[in-house]
Structures are given as C-alpha cells and as structure tokens.
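Engineer: just a sequence and a predicted model for now, questions to come.
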Number of protein chains: 2
Amino acid sequence: MLNFSFCSPTYFEFGKGTEKEAGALVKRFGTGASGAGAKILLHYGGGSIKKSGLYDRVIASLKESGIAFVELGGAQPNPVSSLVYEGIELCRKENVDFILAVGGGSAIDSAKAIAAGAVYDGDFWDFFCGKGVEEALPVGVILTIAAAGSEGSVNSVITNDKTQEKRGCGGEVLRPTFAILNPELTQTLPPYQTSAGSTDIIVHVLERYFSNTKEVEVTDRLCEAMLKTVIYETPRALENPDNYEARANIMWAGMVAHNNLCGVGREQDWVSHGMEHPLSAFFNATHGAGLAVICPAWMKFVSKINPFKFEQFAERVWDVKGVDEGIAAFEKFLKAIGMPSSMKEFGVREEDIPKLIEHVGVGEEKTFGSYVKLNASDTEEIYKSAL
Amino acid sequence: MLNFSFCSPTYFEFGKGTEKEAGALVKRFGTGASGAGAKILLHYGGGSIKKSGLYDRVIASLKESGIAFVELGGAQPNPVSSLVYEGIELCRKENVDFILAVGGGSAIDSAKAIAAGAVYDGDFWDFFCGKGVEEALPVGVILTIAAAGSEGSVNSVITNDKTQEKRGCGGEVLRPTFAILNPELTQTLPPYQTSAGSTDIIVHVLERYFSNTKEVEVTDRLCEAMLKTVIYETPRALENPDNYEARANIMWAGMVAHNNLCGVGREQDWVSHGMEHPLSAFFNATHGAGLAVICPAWMKFVSKINPFKFEQFAERVWDVKGVDEGIAAFEKFLKAIGMPSSMKEFGVREEDIPKLIEHVGVGEEKTFGSYVKLNASDTEEIYKSAL
C-alpha cells in the first residue's frame, strides 16, 4: 500500500425529506450567511427542480432560516464556462459568501467552479489548466441524481464553450461542506439517466480498482462492495423507479465511490474518463453513457497487456472465471441496463478520432493512464474498437 | 434504509514513517498550540513506545515544530478514571489546549476523556453516565495497534477504578482532528494482541451488520468487505509479523470498521460489547479476546430466534451454507488465530455471572440489544454457554 492522506469532512444528511434541512445547514456551515449584507447563491439546472416541487421546498427552507439569496439557474449536463463566468460576476456583485447547488454533478461542478473563481483575481479557467485551487467560497449541495459523486469529492469538470475543451480540476477546498442526499428525489429520473448515473459510479470505482499497486485488499474489497451494490440495485431501480431502497443504496454508493475512500493507497488510472471527456465535449454524450462505451473498449485493450487485475474482477465482481469472461459480463450488464456499446450512438465517425485524441492530449511519447500507460496509437486503437 | 447523518472529518495520514508529521499536524489542527503560553499534553501508555524509539521520534517532531508539551504516561489496557482525573488536572494547571495521544485505543480513549473533562466544570464521569459531551479539547492520535477504531470514532470507553464499572460515552467533538496511522508500528505487536485487535475490528463490524433493517445492500457489502479483509490478513500478519501489507490492510480496515461508515442507515446491536465490558472491568480480559468468547455465544443464542441475517453471513463472509455453519466457521477462525473460547480463560466462574449481568444493567423487563432484544434471563443463558 502506498502512503496516503485522506480526509472527507463533508457532512451528509441522508434520507427522506432531508431537503427541508437546507436552511438550517446553510446557517450551520455558511461562513457568514447570517451576517449583514451577506447572501447565498442558489445554483441549479433546468426546470426539473421547479416541476418536481423541490425548488419550492428549498426556497421555503431558506426563508424559514432567514437566509438571503440570489439565484442562477441553467446549469446543463456538461456544464459550461460561460455560466461559470456569469455566476462569478453575480457572486461579486451580490456579496455572496456561500453557494448552494441543487441538482446533479452539473450544477455541483458549476457551483464549485464559481466558488473558486469568485475569490480569484484571474480567470477561473486557470484552475482547469493546472493551477492549484487554494481558496473557494464554501459550497453546499442538494443532490438530485446519483452519478458524479461530486457531492463528496474535491473535483469539478467544466466544458469551455469557446474551445469545446472538457477539463477537470480538484482541490480540498472544493469539497462540499454539507450534502443533502434524498433518494426520493431520484425516483423521477428517466431510465437512461438512472443507468448512465450507475455507470458513472461503477467507472469511478474501476478507475481506482484497476491499479498496479499490489496487496491492497482492503480497498479492493471496498471497491468490489460498491460495484456489487450498484450492479444489484440498478436493475431493481429500473424495474420499479419508485423503489426507495434501491435508489438509496445506489445514492450512497455513488458518494463512497468518489470521495476517494476507494482510491487511497494505490495508483489510479483515469484513462476511461480522459477518453470519454471529448465525447461529452464535442458530441454532448451523457457522461455515463460515454463511459459505457469507452470503459469496456479500454478493458479489452489493456487486459491483453496487463491481465493482472482482471481475473479478480471476473471472479469477485461477476462470479465468473477468466479475463474475457469478466469483461463480457460487464458488457452484458451495460446492455441490459440500456447503455450504448458504440460511439456511433453519439454521432462519432472514424474521421472524428484524431480530434478526440487531440482533446485527450496524448502523443506518441506523451502517455497517460497508469494501469497500462497509453500513447496516441494505443488511444486510437481503443477509439476505433469503440466505433 | 433509515435516515442518517454522517460526518467523519478526521484527517488521516497513513503509511510508513508518518509519525514524523506529528509536529506539523499538531500545528495545523491545534486550536492555539502555537499561541503564547499554550501547550499540548502528550498522553501515552506504558514503556513500549519508549523501547521502540517511537517516543523519541515524536518528541523530535514536536520540538522541530516548536510545540511546547507536558507528558502523562501510564494509560493501561482498559484505561482507568484515576488517570483521567490526573490528566484533567494537568491540562488545567498547564494551560493545555490540545492532546496528542500516542498508543492504542486505551491511550486514545483516555485522551478523549481528559479532553472532555478538562473543559467541564463537573465530574467527567457524568459523560459516562449519559450526559452529552458538547465540548472538548481537540485530540490528535498516533496509533500503535489496529483494534479499537478510536482513531476515527466518536467514542471513549473508560473503567471507573473505584467502582469497576466499564462504560462508554460518545460525541462528535471527541472525533480525533487528525490520526497518524503507520502500520510499521504494529509489526512488533505480540501475536495475542494482533489477534485480539483483529477480533475487536471484526466485532465492531458485526455489531452493525446484524441488524433488522432490510435492504441495506451498500452497508452490508461494505461490512462484508471489511470482514473478508481482516479474516484474510490476520493469519498473514501472524505468520509473518513484519508483513507490512497485511498490517496496513488490517489497520485501515480497523478505522473503516468503526468511524460508523459500516453502520449508517440501520439499527445497530452492541450486545457483544455490552456483555464483554464486565469481563474487562472485573477480570481484566483483553477486550478483543473477551469479544472472541462472547460474540459467538451471542450468535448461537440469537440465531435460533432471528436467523434473518445469518445465512447471508455464512455465505458471503465464510463461503459456506447454513446458519450454524457460518457461526462454526467464525469460531474456527477465532481458534486458529489463538483466541480463547471460554470465559474460564479469564478466571470467570459460574457464580460470577450475576455480577456480570448487574454490570450489563439488564433486567427481566429492561432489555438491551436490537437484533434480538435480550433480558436478564437471556443474558444469563448466553454467559452460561460461554463458560
């Protein structure tokens, strides 16, 4: 096991009806939300939280706690930089000192980027080009989809809508101070979103599971536990969308999958995410659906070179024997939950592949990934196999 | 799944040589350790940290960071109230504002009790008689044995050496601010302590695993992951005490087992701990060894009344089928790692049982536990079967 530091200080309020705690939690965790003139930014996506009544319940809770707020809606899947700039300007103008994100990974990631940018003199995009985030406004979260794990993570992923680059940044100050997780809020998700969310959770685990670090039984077992949970519960949630218990198990697994408890003490890979990002950026693929195509293609390529972890994956996660059998079981599962198996479904053609590789930023000498280090030719081969 | 709150804000520094970070971490997490006149209390157990050289390394790290300190050694297994009183007095006299515990659960639990008592006007024992802990000095930890999980938990267990009562208390303010976990420090443990530590970890999980809350797959799987890890790694640590990887996996599992990630959203039981406490209090049984006797006896009794969770335990944890077969596999494991199977090994005779039951505080009407609610007669039957 490698040396590591781990700290996951987010306060989680989990369960039915917990969004009514929003006001009280903002008061508890907001640095100065109750101070004179200070207010919070309520940041969310499209109309779904208004249709579902969640918006009204959150507003009522904030008002009950005497929290002043301004609003910014419009965070879209694959959230964009132009909205982040708008949010930063609003925060400065309105003396905002806390951001409450209501939504999925998009609203939360957008909120994190605004939080970092609002207290930074330069261009927030610097943080997505390698600059460390040292300071940010505190962020709280009300989660409406189990997927990105952003509710407990240090990460934010934003698409620059001028350049179409989709990039991530991370920093301990971006971890939400609190996160409200009510599985009921996910019961109205369409099946495709449910499945894409579960796929995202699964791949968050796999990026950490496929590691060359030996003898890390405790995190291996933890990873396998989260995988088995999501594999068991997703079909149950699809079969009966109102199955609260299935939704609850998936939602909590989504947090555990990405607050890095599954990744401590080991090398991590992150090739599948790197290769998926251009699919979202250029073709607006739903992130989890993009991963459903890329991850198995990656597996087939790297398992030939480094089969090390694949037999265990087959046996412990899928209860089958053999490297290829494990991957096949994974593909069969993805198909069963309605995920795509080809980049064609996003409109990607063979002639687009050079553009994808350029976005990944890999070259013949400049490799990425760690389970198997991949160069541009390897990446091309994987993309071709995913057509 | 039941509604729950979860927050585990402790900062963990894990790995080889990490004790050299002690000074820097005290500076980072101590409220005013660098303030004029303020100092920390260095609290530890017997001579082992001096013999091993750990004491010297910690002192060097504190001095390097310019941390002023006073010392209190002498925390024993089943730590006692008289030392807590001594520590409280010392903290007050010396203007201590941070406590650094170096040792196992005993030194840490003792430090937590001192931390709560030092800022409380009344008798600290009030907290062990049901009073809530609202405030405490911050505590940091350097862990030397994987067992109690106190490095990441809200709990402290103290034996009142006037009355021989062994009691616990809990409160969020008692969670360590940081915990240094260096598995190397556990390589010198005698086999009996290694095994008793692993048993304690296992039973921390089992107290949460055996629950009547249905469909809690994510925590069930997590519990099983921690159990499988400790079951696999403990014989490896016994066979080769210097096996760093085995020690590392056990140490991290010990934290995860008891920061309550394994217990969220479900009823918990805690009968085995309740029944073991008098064995430690009156007969000075090593806590884990006491649990090795009590827990299987509890299982045999309750599985007859409520077999619900036992088939899953057998199948998923021990890879056997059948309620009794699972319990038998657990007993076989405990025997193989050198744990006792009878209370006689601690000197308990049948005529001592009424005293044990009185300590548990159970009556014919007043039950305890939740997986199966037990009264005094049930408790007596379990104790008798453990003779």
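Structural biologist: Received it, and whenever you're ready, just let me know what you need. Numbers count the residues shown, from 1 in each chain, chains lettered A, B, ... in the order given.
Engineer: from here on, just use CA atoms for contacts and neighbour counts.
Structural biologist: Will do.
Engineer: my read: A:G87 touches A:I114, true?
Structural biologist: Yes. With contact defined as CA atoms under 8 Å, A:G87 and A:I114 form a contacting pair (5.8 Å).
Engineer: which one's more surrounded, those two?
Structural biologist: Set A:G87 next to A:I114 and count neighbours by other CA atoms under 10 Å in any protein chain shown: A:I114 wins out with 29 against 25.
Engineer: for stretch A:5-24, how far is the first residue from the last?
Structural biologist: Taking CA to CA, to the nearest Å, stretch A:5-24 runs 31 Å from one end to the other.
Engineer: for stretch A:341-351, measure first residue to last.
Structural biologist: OK, stretch A:341-351 end separation, CA to CA: 19 Å.
Engineer: and for it, what's in contact with it?
Structural biologist: Stretch A:341-351 has contacts (CA atoms under 8 Å, 6 or more residues apart in numbering or on different chains) with A:L279, A:F283, A:N284, A:A285, A:G290, A:A292, A:V293, A:E331, A:K335, A:K384, A:A386, A:L387.
Engineer: now it: how far from the chain's centre is it?
Structural biologist: Here stretch A:341-351 is found 23 Å from its chain centre; the criterion is CA atoms, centre = their mean, to the nearest Å.
Engineer: what mean pLDDT does it have?
Structural biologist: On average, the pLDDT along stretch A:341-351 is 98.
Engineer: and what of stretch A:245-261?
Structural biologist: 98.
Engineer: contacting residues around it?
Structural biologist: Contacts of stretch A:245-261 (CA under 8 Å, 6+ apart): A:6, A:8, A:15, A:145-154, A:181-184, A:186-187, A:198, A:201-202, A:204-205, A:219, A:223, A:226, A:229-230, A:233-234, A:236-237, A:262, B:1, B:215-218.
Engineer: pull the number of nearby residues for A:Y85.
Structural biologist: Close neighbours of A:Y85, defined as other CA under 10 Å, add up to 19.
Engineer: biggest helix in chain A by residues?
Structural biologist: helix A:217-239 (DSSP state H).
Engineer: now chain A against chain B: closest residue?
Structural biologist: A:P9 (3.7 Å; CA to the nearest CA).
Engineer: contact partners for that residue?
Structural biologist: A:P9 neighbours (CA under 8 Å, 6+ apart): A:R175, A:T177, B:C7, B:S8, B:P9, B:T10.
Engineer: before we move on, what SS does it have?
Structural biologist: Of the three states, A:P9 takes strand according to DSSP: H, G, I helix; E, B strand; the rest coil.
Engineer: let's see the pLDDT reported for it.
Structural biologist: 96.
Engineer: look at A:A179 and give its secondary structure.
Structural biologist: strand.
Engineer: what is the neighbour count of the closest residue to it other than its chain neighbours?
Structural biologist: With CA to CA, 6 or more residues apart in numbering or on different chains as the criterion, A:A179 has its nearest non-adjacent residue at 4.6 Å, and that residue is A:V141. Other residues lying near A:V141 total 30 when counted by other CA under 10 Å.
Engineer: same deal with A:S52?
Structural biologist: 12.
Engineer: and what of A:G122?
Structural biologist: Count around A:G122 with other CA under 10 Å applied: 10.
Engineer: confirm it sits in a strand?
Structural biologist: No. With three-state DSSP as the criterion, A:G122 is assigned coil and is not in a strand.
Engineer: can you tell me which residues contact A:L387?
Structural biologist: A:S342, A:M343, A:K344, A:V348, A:R349, A:E350.
Engineer: let me see the contact set for the closest residue to A:R221 other than its chain neighbours.
Structural biologist: Nearest residue to A:R221 in three dimensions, chain neighbours excluded: B:A225, at 4.9 Å (CA to CA, 6+ apart). Contact analysis of B:A225 by CA under 8 Å, 6+ apart lists A:V218, A:R221, A:L222, A:E224, A:A225.
Engineer: rebuild those as JSON lines, extending it with distance to B:S303.
Structural biologist: Formatted as JSON lines, the contacts of B:A225 follow (distance: CA to CA, whole Å):
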{"residue": "A:V218", "distance to B:S303": "28"}
{"residue": "A:R221", "distance to B:S303": "27"}
{"residue": "A:L222", "distance to B:S303": "27"}
{"residue": "A:E224", "distance to B:S303": "28"}
{"residue": "A:A225", "distance to B:S303": "25"}
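Engineer: scan these and report the most crowded one.
Structural biologist: Counting by other CA under 10 Å, top hit in the contacts of B:A225: A:V218 with 29 neighbours.
Engineer: wait, that residue touches B:T229, no?
Structural biologist: Yes. Using CA under 8 Å, A:V218 makes contact with B:T229 at a distance of 5.6 Å.
Engineer: the residue nearest in space to the middle of chain A in helix, strand or coil?
Structural biologist: The structure's chain A has its C-alpha centroid closest to A:A148; by CA atoms, centre = their mean the separation is 2.2 Å. Following three-state DSSP, A:A148 is assigned to coil.
Engineer: for it, give me phi and psi.
Structural biologist: phi -70, psi -20 (degrees, to the nearest 10).
Engineer: once you drop chain neighbours, what's closest to it?
Structural biologist: Here the residue nearest A:A148, using CA to CA, 6+ apart, is A:G105, at 5.1 Å.
Engineer: so what are the domain limits for chain A?
Structural biologist: Domain assignment of chain A by automatic domain parsing yields the ranges A:11-184, A:189-385.
Engineer: want to throw those into JSON lines with distance to B:P77?
Structural biologist: Listed next are the domains of chain A as JSON lines, based on distance: least, CA to CA, whole Å:
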{"stretch": "domain A:11-184", "distance to B:P77": "33"}
{"stretch": "domain A:189-385", "distance to B:P77": "27"}
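Engineer: secondary structure element for the nearest residue to A:T219 once chain neighbours are set aside, which one?
Structural biologist: In space, and not counting its chain neighbours, A:T219 is closest to A:C262: 5.6 Å by CA to CA, 6+ apart. Using DSSP states H and E, A:C262 sits within no helix or strand.
Engineer: report the contact partners of A:C262.
Structural biologist: A:V205, A:R208, A:Y209, A:T219, A:D220, A:L222, A:C223, A:V256.
Engineer: look up phi and psi at it.
Structural biologist: phi -80, psi -10.
Engineer: now it: how far from A:I145?
Structural biologist: 20 Å.
Engineer: please apply the same query to A:N375.
Structural biologist: Taken as CA to CA, the span from A:N375 to A:I145 is 34 Å.
Engineer: between these two, which has more neighbouring residues?
Structural biologist: A:I145 (27 against 18).
Engineer: which residues sit in contact with the more buried one?
Structural biologist: A:G103, A:G104, A:G105, A:L185, A:T186, A:L189, A:T194, A:G197, A:M251.
Engineer: JSON lines for those, including secondary structure, distance to A:G23 and neighbour count?
Structural biologist: What follows is these, written out as JSON lines (DSSP: H, G, I helix; E, B strand; the rest coil; distance: CA to CA, whole Å; neighbours: other CA atoms under 10 Å in any protein chain shown):
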{"residue": "A:G103", "secondary structure": "strand", "distance to A:G23": "16", "neighbour count": "24"}
{"residue": "A:G104", "secondary structure": "coil", "distance to A:G23": "19", "neighbour count": "26"}
{"residue": "A:G105", "secondary structure": "helix", "distance to A:G23": "21", "neighbour count": "29"}
{"residue": "A:L185", "secondary structure": "helix", "distance to A:G23": "18", "neighbour count": "24"}
{"residue": "A:T186", "secondary structure": "helix", "distance to A:G23": "21", "neighbour count": "23"}
{"residue": "A:L189", "secondary structure": "coil", "distance to A:G23": "25", "neighbour count": "16"}
{"residue": "A:T194", "secondary structure": "helix", "distance to A:G23": "28", "neighbour count": "26"}
{"residue": "A:G197", "secondary structure": "helix", "distance to A:G23": "27", "neighbour count": "27"}
{"residue": "A:M251", "secondary structure": "helix", "distance to A:G23": "22", "neighbour count": "28"}
